[in-house]
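Student: Requesting a structural model of the entry that follows:
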Amino acid sequence: MNRRLARPIRFAAVLLVVLLPGTASAYIGPGAGLALAGSFLALFGAVLSALSMLLLWPIRRLVRVFLHRRPPGRVRFKRVVILGLDGLDHHLTETLMAGGKLPNLAALRARGDFKPLWSTLPPISPVAWATFQTGVNPGKHNIFDFIAPDQ
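Tutor: I've put the predicted structure just below:
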């Protein structure tokens with residue numbers, strides 16, 4: 001194609017695209033604007049959260065360094081035995097020990113202590129015991145169920 005003709009043809013094509021269409025006959029409901037605003041709000045919240053995390057990280061680090069607690073000098077006990085029974089109801093066990101139905105557990109309680117174990121969410125055995133043993137929540141030890149994820 002001739003270079004002299006290319007420029008006027010492009011100009012005519014742009015002019016046709018701009019001037020030829022008539023009135024738009026499409027309907028855009030109000031939900032489209034709400035969806036756009038919701039998406040923007042989610043994106044804005046994520047960016048704000050990331051920025052605040054980056055800005056607050058040095059402060060959190062300093063607080064952890066300065067508030068680091070040292071273990072006590074003398075220990076109170078030489079040995080500790082923890083007896084945990086999965087699915088044991090604390091109130092039912094208290095009732096049965098008071099009624100003399102569980103004399104061995106009552107004897108252990110008399111020599112030590114008997115407290116309920118607060119569970120986690122979700123309150124299922126592998127999650128609760130992993131939390132008890134590690135001292136961190138499921139978000140840290142990554143055990144959420146009986147089933148291991150596919151490797």
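
Student: List the contacts of the host helix or strand of residue 97.
Tutor: In the assignment (DSSP states H and E), residue 97 maps to helix 90-98. Applying CB atoms under 8 Å, 6 or more residues apart in numbering, the external contacts of helix 90-98 come out as 102, 105, 106, 109, 114, 116. (Each C-beta comes from the backbone N, C-alpha and C, glycine too.)

Student: nearest to residue 5, of those residues?
Tutor: Nearest to residue 5 among those is residue 116, at 89.2 Å by CB to CB.

Student: related to what we said a few turns ago, and the contacts of helix 90-98, which are buried?
Tutor: 102, 105, 106 (16 or more other CB atoms under 10 Å).

Student: that older thread, next structured bit after the helix holding residue 97?
Tutor: Per DSSP H and E, the first helix or strand lying C-terminal to helix 90-98 is helix 103-111.

Student: That following helix: how far from the chain's middle?
Tutor: 40 Å (CA atoms, centre = their mean, to the nearest Å).

Student: how about TSV for the buried ones among the contacts of helix 90-98, with pLDDT and distance to residue 11 added?
Tutor: Below are the buried ones among the contacts of helix 90-98 laid out as TSV (pLDDT from 0 to 100; distance: CB to CB, whole Å):
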residue	pLDDT	distance to residue 11
102	93	96
105	91	94
106	93	98
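
Student: Thanks again, I'm all set now.
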